[in-house]
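J.: Structure of the sequence below:
(one chain, ligands or ions: 1)
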Amino acid sequence: MPYAPEHDEVPNPLRPGLRAESPPDPCAIVVFGASGDLAHRKLLPALYNLALGAHLPAAFGIVGVSKSPFTHEQYAHDMREAVGKFSRNKPVDEEVWRDFGAGLRYVPGAFDDDDTFRRLAVTLEELDRTRATRANRLFYFATPPSTFPTLLEKLKVHGFIRPPRDSRFTRVVIEKPFGRDLASARALNRLVLEVMDEKQVFRIDHYLGKETVQNLLVFRFGNTIFEPIWNRRYVDHVQITAGEELGIESRAKYYEEAGIFRDMIQNHVLQLVCLTAMEAPVAFDADAVRDEKIKVLRSLCPIDTPEQVARRVVVGQYDAGQIAGTDVAGYQEEKDVAKGSRTPTFVAIKLDINNWRWEGVPFYVRSGKRLPKRATEIAVQFRSLPHSLFGEGASAPNVLVVRVQPEEGIALRFSAKVPGERFRPRTVSMDFRYGTAFAAASPEAYERLLLDALKGDQTLFTRKDEVEAAWKLVSGILQVTESADRTALFRYPAGSWGPAQADALLAADGKAWRRP
Ligand code: BG6
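T.: Just a heads-up that it's a prediction; the model follows:
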């Protein structure tokens with residue numbers, strides 16, 4: 001991991017942000033899907049911000065590949081606009097852009113056309129000569145999953161993938177969703193590993209690039225005081241919410257195929273579960289961290305029968321409603337959504353982790369589109385007081401809330417005495433906020449992850465067995481919810497916290513969802 005503690009007066013593991021010990025080696029990045037949404041909104045702005053922070057190697061080039069018929073100049077112009085619009089640093093710094101833009105190239109063509117790859121080879125050689133990129137390559141699949149097999153095959157056939165021990169590196173970043181169930185994820189893993197070594201594969205989950213998500217590791221394993229209480233003896237239950245007020249925007253074609261399970265649960269939400277529940281790794285390196293996360297996934301109680309799904313899973317889809325005073329359409333009315341679509345846009349699940357630390361401590365997770373607001377948080381609720389000295393209302397349990405976004409930070413809620421003559425307790429909060437604690441702005445998740453991939457650090461990327469273990473749980477649920485006799489799909493109005501049945505899931509255990 002490229003944390004490089006600065007010699008500040010108060011050493012702080014988060015403060016240095018992306019400051020790396022040394023810049024990555026010279027390299028050319030090839031972005032497949034260069035004219036797509038991800039490249040425009042996230043990848044190019046992230047690369048530009050890395051250039052702005054002087055984190056990119058001096059010798060660097062980017063080649064966009066997609067069907068749109070751009071010239072190099074048109075592509076550079078298009079990307080300049082995208083960066084101007086989506087970069088977290090505005091306006092674009094002309095001097096930085098001059099060099100960055102000069103390293104942009106574009107190869108138009110279809111992914112199943114050999115000629116595209118011949119022209120790509122010529123362009124990469126030109127970059128090696130003119131920008132000294134030294135034949136190091138990072139290929140980024142910012143494309144629909146259906147293209148992955150073709151891309152892998154063409155890269156192999158055209159000799160782009162060098163052996164892992166070659167002095168010139170070849171790495172491939174693969175976007176989610178990695179497969180659409182356990183069987184297809186396994187098949188894709190087989191295909192990937194026929195073409196390259198696991199050390200060359202970077203399966204991306206952008207949640208792992210978020211500062212607050214990484215901070216879970218520092219919070220848990222960089223402090224002594226939380227570890228003794230981070231277990232079944234003190235924790236009553238854990239709630240993880242990943243809510244969005246956004247709907248599906250213009251992504252109906254993708255979303256109709258994916259739904260909330262493949263879009264959020266198999267990846268982002270289960271990663272949050274892993275980081276909350278895992279044991280301390282033996283070292284802070286890629287395999288040690290991932291070994292521990294996988295143990296959590298393997299300990300998850302399977303949910304793969306209609307009875308278990310009925311008891312533990314609530315799926316929903318939004319109807320029309322109001323968010324922040326504005327009318328929004330229901331899922332069925334969104335453009336390109338099939339009438340009568342059963343794609344879930346909300347899910348709540350009760351997970352059990354069958355191991356020594358967490359036996360009997362439910363992890364309730366929920367995620368949804370068109371909820372009242374964007375809020376991702378992990379709330380660890382501690383056990384209730386064994387006996388209340390101060391009367392009714394004085395026994396609110398302690399809660400530790402990790403706010404992943406927005407208002408990034410951590411709050412501990414506890415009882416305090418209200419000033420006055422009586423012993424009247426009230427819940428108050430001790431609050432750490434990134435915004436005020438650290439002077440530096442947090443980098444975007446994609447900046448961190450692209451830099452790690454350039455440096456060859458896989459800690460924040462998912463390994464083969466990890467992605468399969470996550471699919472195992474989700475596939476088990478999907479096999480029931482997508483089966484012919486169909487589980488109920490509950491309705492919820494846009495702007496609510498999901499169907500009432502999600503509340504009932506916790507009420508059955510005598511608990512209630514927190515309002516983030
Ligand atoms: C993406 C999903 O992976 O994550 C989107 O495809 C979702 O549907 C997004 O909106 C949420 O990411 P973030 O960083 O906005 O929480």
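J.: For the rest of this, base every contact and every neighbour count on C-alpha atoms.
T.: OK.
J.: what about the residue lying closest to Tyr75 once chain neighbours are set aside, neighbour count?
T.: Leaving aside its sequence neighbours, Tyr75 sits nearest to Tyr106 (CA to CA, 6 or more residues apart in numbering; 6.4 Å). Residues within reach of Tyr106, counting by other CA atoms under 10 Å, total 26.
J.: which secondary structure element contains Tyr106?
T.: Using DSSP states H and E, Tyr106 maps to strand 104-108.
J.: in this structure, what residue sits furthest out from the centroid?
T.: Computed with CA atoms, centre = their mean, the maximum C-alpha offset from the centroid of the chain is found at Glu421, amounting to 49.4 Å.
J.: mind checking how far Arg403 is from Ile240?
T.: Remark: distance between Arg403 and Ile240 (CA to CA, to the nearest Å) = 10 Å.
J.: So the two - more neighbours on which side?
T.: More crowded of Arg403 and Ile240, by other CA under 10 Å: Ile240, with 26 against 22.
J.: Ramachandran angles for that one?
T.: Dihedral angles phi and psi of Ile240 (degrees, to the nearest 10) take the values phi -120, psi 120.
J.: what sits against it?
T.: 269, 272-273, 363-366, 376-379 (CA atoms under 8 Å, 6 or more residues apart in numbering).
J.: Could I get the CA-only coordinates of the helix or strand of the chain with the lowest mean pLDDT as PDB?
T.: When each helix and strand of the chain is scored by mean pLDDT, DSSP states H and E, helix 434-437 comes last, with a mean of 86. Extracted in PDB, the C-alpha atoms of helix 434-437 (Å, rounded to 0.1, in the frame of the first residue of the first chain):
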ATOM      1  CA  TYR A 434     -12.600  13.900   8.000                       C
ATOM      2  CA  GLY A 435     -13.500  17.400   6.700                       C
ATOM      3  CA  THR A 436     -12.300  19.100   9.900                       C
ATOM      4  CA  ALA A 437      -9.700  16.600  11.200                       C
END
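J.: about what we covered before: overlap in contacts of Arg403 and Ile240?
T.: By CA under 8 Å, 6+ apart, the residues touching both Arg403 and Ile240 are 376-378.
J.: taking those one by one, which sit in strands?
T.: 376-378 (DSSP state E).
J.: What residues are bridge-paired with the residue nearest to Tyr75?
T.: Gly64 (DSSP bridges).
J.: hang on, the earlier thing: and the contacts of Ile240, which two are furthest apart?
T.: Across those, no pair lies farther apart than Phe363 and Thr376, at 14.9 Å, counting by CA to CA.
J.: Run through the helices of the stretch 401-516 of the chain in chain order.
T.: Secondary structure of the stretch 401-516 of the chain (DSSP state H, counting those that start in this stretch): helices at 434-437, 445-455, 464-481, 500-507.
J.: List the buried residues for the last one?
T.: Along helix 500-507, these residues count as buried under the neighbour rule (16 or more other CA atoms under 10 Å): 501-503, 505-506.
J.: Take those residues and write them to TSV, including distance to Glu444 and pLDDT.
T.: Putting the buried residues of helix 500-507 into TSV (distance: CA to CA, whole Å; pLDDT from 0 to 100) gives the following:
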residue	distance to Glu444	pLDDT
Gln501	35	97
Ala502	32	97
Asp503	33	97
Leu505	35	97
Leu506	34	97
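J.: Looking at those, which is nearest Ala288?
T.: Nearest member of these to Ala288, counting by CA to CA, is Leu506, at 34.2 Å.
J.: list the contacts for that closest one?
T.: Neighbours of Leu506 in contact, by CA under 8 Å, 6+ apart: 364, 512-513.
J.: so where do the helices sit in the stretch 101-250 of the chain?
T.: Under DSSP H, counting those that start in this stretch, the stretch 101-250 of the chain gives helices at 114-131, 148-157, 182-195, 211-221.
J.: Just the mean pLDDT for the longest one, thanks.
T.: Throughout helix 114-131, pLDDT has a mean value of 97.
J.: Run the angle between it and helix 148-157 for me.
T.: Interaxial angle, helix 114-131 versus helix 148-157 (axes from the mean of the first three to the mean of the last three CA atoms, to 10 degrees): 60 degrees.
J.: Off-centre distance for helix 114-131?
T.: 32 Å (CA atoms, centre = their mean, to the nearest Å).
J.: What residues of it count as buried?
T.: For helix 114-131, using 16+ other CA under 10 Å, the buried residues are 116-117, 120-121, 123-125, 127-128, 131.
J.: Kindly present the helices of the stretch 101-250 of the chain as TSV, with separate columns for distance to Gly340.
T.: Converted to TSV, the helices of the stretch 101-250 of the chain look like this (distance: least, CA to CA, whole Å):
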stretch	distance to Gly340
helix 114-131	40
helix 148-157	30
helix 182-195	26
helix 211-221	37
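J.: Determine which of these approaches Lys42 most closely.
T.: Between the helices of the stretch 101-250 of the chain, helix 211-221 lies closest to Lys42; by CA to CA that is 16.1 Å.
J.: mind listing what's buried in that closest one?
T.: Neighbour-count burial for helix 211-221 flags 211-217, 219-220 (criterion: 16+ other CA under 10 Å).
J.: I'd like to know which of these is nearest to Trp358.
T.: Using CA to CA, the buried residues of helix 211-221 come closest to Trp358 at Arg220, 15.4 Å.
J.: Could you verify my assumption that the closest one touches Phe226?
T.: Yes - Arg220 lies in contact with Phe226 (CA atoms under 8 Å); the separation is 6.6 Å.
J.: Tell me which two of the buried residues of helix 500-507 sit farthest apart.
T.: Gln501 and Leu506 (9.0 Å).
J.: which residues does the spatially most central residue of the chain contact?
T.: Residue closest to the average C-alpha location in the chain (CA atoms, centre = their mean): Tyr207, at 2.3 Å. By CA under 8 Å, 6+ apart, the residues touching Tyr207 are 213, 268, 271, 445.
J.: which pair in those spans the largest distance?
T.: Longest span within these, CA to CA: Gln271 and Ala445, 14.4 Å.
J.: Settle it for me: which of these two has more neighbours?
T.: A count of neighbours by other CA under 10 Å puts Gln271 above the other of Gln271 and Ala445, at 24 against 19.
J.: Spit out the contact partners of the more buried one.
T.: Taking CA under 8 Å, 6+ apart, one finds 207-208 in contact with Gln271.
J.: Am I right that it is in a helix?
T.: Yes - assignment of Gln271 by DSSP: H, G, I helix; E, B strand; the rest coil places it within a helix.
J.: where does it land on pLDDT?
T.: 97.
J.: now swap in Pro13 and tell me
T.: 47.
J.: Likewise for Arg19?
T.: 50.
J.: cool, the one 5 residues further on as well?
T.: The score at Pro24 is 93. That number is its pLDDT.
J.: Repeat that for Glu392.
T.: 66.
J.: Repeat that for Gln405.
T.: The model's pLDDT for Gln405 equals 87.
J.: So what sits opposite it in the bridge?
T.: Here Gln405, judged by DSSP bridges, has bridge partners Thr376.
J.: who's in contact with it?
T.: So Gln405 contacts 212, 374-377 (CA under 8 Å, 6+ apart).
J.: quick one: it and Arg119, what's the gap?
T.: 42 Å.
J.: Next: Trp513.
T.: From Trp513 to Arg119 the distance is 55 Å (CA to CA).
J.: cool, Ala324 as well?
T.: Ala324 is 50 Å from Arg119, by CA to CA.
J.: any weak-confidence spans in this structure?
T.: 1-21, 392-394 (pLDDT under 70).
J.: what do you get if the cut-off is 50, keeping everything else the same?
T.: Flagging of the chain using pLDDT under 50 yields the residue ranges 1-17, 20.
J.: those strands in the stretch 201-350 of the chain, which residues are they?
T.: 201-203, 235-243, 313-319, 321-323, 326-328, 346-351 (DSSP state E, counting those that start in this stretch).
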